[in-house]
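Visitor: Give me coordinates for this.
(2 chains)
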Amino acid sequence: MAVQTILKYPHPVLKKLARRVDVIDDEITSLMQDLIDTMQAGPGSVGVAAPQIGAALRVCVVDVSKSRHGKENNHGLLCMVNPEIIARSGTAVMREGCMSVPDYTGDVERATVITVRFLDSRTGEERELEASGFEAVAIQHELDHLDGVLFLDRIVSISTGLFRRKNYA
Amino acid sequence: MPHRESAHYAVSVVGADRPGIVAGITEALYRLGCNIADSSCAMLAGEFAMILIVSRKKTFTKAQLQEELKPVCERLDMTLSIRHLSLHEQDRKETDAEICQITVYGADQPGIVYRVTSTLAERRINIMDLQTKLVGSDEAPVYVMLLEASLPDTVAPEEVEGLLNSLKDELKVEIGVRIVTPVEL
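Guide: Below you'll find the model as predicted:
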């Protein structure tokens, strides 16, 4: 049990492709506990991915049940190993910030409903669940970390789209 | 983090657009050993405007900065203005406040910006970003305004639409309000 320091960009591990986990052993169980502790220690944090604490492995936690946006619609604490999004639909834009990229926020477009499949580290069972709303956004954000993708890679700007075309002639 | 030991200036440059303005100004700043902290540039009609917060570890005076940038601005035919930032102005104005994005559009008429922004100002709602554009045809010009504002504790996000409702009828414009407060993930 230990709260770990959240690594910040430009730490190289944040841009690496994380490795799949072969077996849920003590190392993974302990990593998962660190992720939970670190998430719970961060004020308002709803998820942490292993690369954010320096482990390039496909492991992350998400829990939006205590957040304003997610408390009505969530699956509680999700301890995900080798998670994969197997279906997605709809799109919505949300302004995201990330503990690994402090002092900056940006509008990111993500699917509104996703189906995610993962190994639950607590039971060792494969789980498949449908998430929507803020929980879906948080899962997509954390899964991006496993691919070395930061929200900075996905920023869309609506305003330039709205204001770009203009012929003054 | 603000560098207390260094001098900070707000530099703005405006002039007829052409290729090379950003390169010209930033080259001069680079040669001066200045850091560009935050900056924003925009082109409106054929005018290009830059606003930059610049700093330098080794302090220098506004006059020195002026002297170095003046010839570059003259060459590019840009007007230059420089303001020294006092220590308390150098702090980043990060906010935990709720942020609203407000869209207003309708047949063009005088007073749209004024009426909307004065309604917001009365409730101490602070505009952080505002862009307007006149679109449509000569016969039917349409005014579009997009702004972002941070709300004081005394205004709830759900209230904002209500505050602007009476203007919808009066100005015959559409007004949309969306909460865009960032989520920390």
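
Visitor: Now do the residue of chain B found nearest chain A against A:Met80, distance only.
Guide: Closest residue of chain B to chain A, Cβ to the nearest Cβ: B:Pro182 (3.9 Å). Just so you know, the C-beta spots here come from the backbone N, C-alpha and C atoms, and that holds for glycine as well. Separation of B:Pro182 from A:Met80 (Cβ to Cβ, to the nearest Å): 24 Å.

Visitor: the more surrounded of the two?
Guide: For B:Pro182 versus A:Met80, neighbours defined as other Cβ atoms under 10 Å in any protein chain shown are more numerous around A:Met80 (26 against 16).

Visitor: So that one, which state does it fall into?
Guide: strand (DSSP: H, G, I helix; E, B strand; the rest coil).

Visitor: Equivalent analysis for A:Glu96, please.
Guide: Using three-state DSSP, the structure places A:Glu96 in strand.

Visitor: How about the contacts made by it?
Guide: By Cβ atoms under 8 Å, 6 or more residues apart in numbering or on different chains, the contact set of A:Glu96 is A:Thr105, A:Gly106, A:Asp107, A:Val108, A:Val137, A:His141, A:Phe151, B:Pro182, B:Val183, B:Leu185.

Visitor: Model confidence at the third one, what's the number?
Guide: Right, A:Asp107. In this model, A:Asp107 is scored at 92, pLDDT.

Visitor: Quickly check: the lowest-mean-pLDDT helix or strand in chain B near chain A or not.
Guide: Among the helices and strands of chain B, helix B:87-90 carries the lowest confidence by mean pLDDT, DSSP states H and E, at a mean of 75. No. Helix B:87-90 stays clear of chain A (Cβ under 8 Å from any Cβ of the partner chain), getting no nearer than 14.4 Å.

Visitor: May I have the helix or strand just after that helix as CSV, with CA atoms only?
Guide: Toward the C-terminal end, the helix or strand that comes next after helix B:87-90 (DSSP states H and E) is strand B:99-107. Taking C-alpha atoms only, strand B:99-107 is exported to CSV below (Å, rounded to 0.1, in the frame of the first residue of the first chain):
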residue,chain,number,x,y,z
ILE,B,99,-16.7,27.9,-16.7
CYS,B,100,-19.5,28.6,-19.2
GLN,B,101,-19.3,28.7,-22.9
ILE,B,102,-22.0,31.1,-24.3
THR,B,103,-23.0,31.2,-27.9
VAL,B,104,-25.0,34.1,-29.2
TYR,B,105,-26.2,34.5,-32.8
GLY,B,106,-28.8,36.4,-34.7
ALA,B,107,-29.5,39.0,-37.3
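
Visitor: So which bits of strand B:99-107 are buried?
Guide: B:Ile99, B:Cys100, B:Gln101, B:Ile102, B:Thr103, B:Val104, B:Tyr105, B:Gly106 (16 or more other Cβ atoms under 10 Å in any protein chain shown).

Visitor: and those as CSV, adding pLDDT?
Guide: CSV is the format used below for the buried residues of strand B:99-107 (pLDDT from 0 to 100):
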residue, pLDDT
B:Ile99, 94
B:Cys100, 95
B:Gln101, 95
B:Ile102, 96
B:Thr103, 96
B:Val104, 96
B:Tyr105, 96
B:Gly106, 96
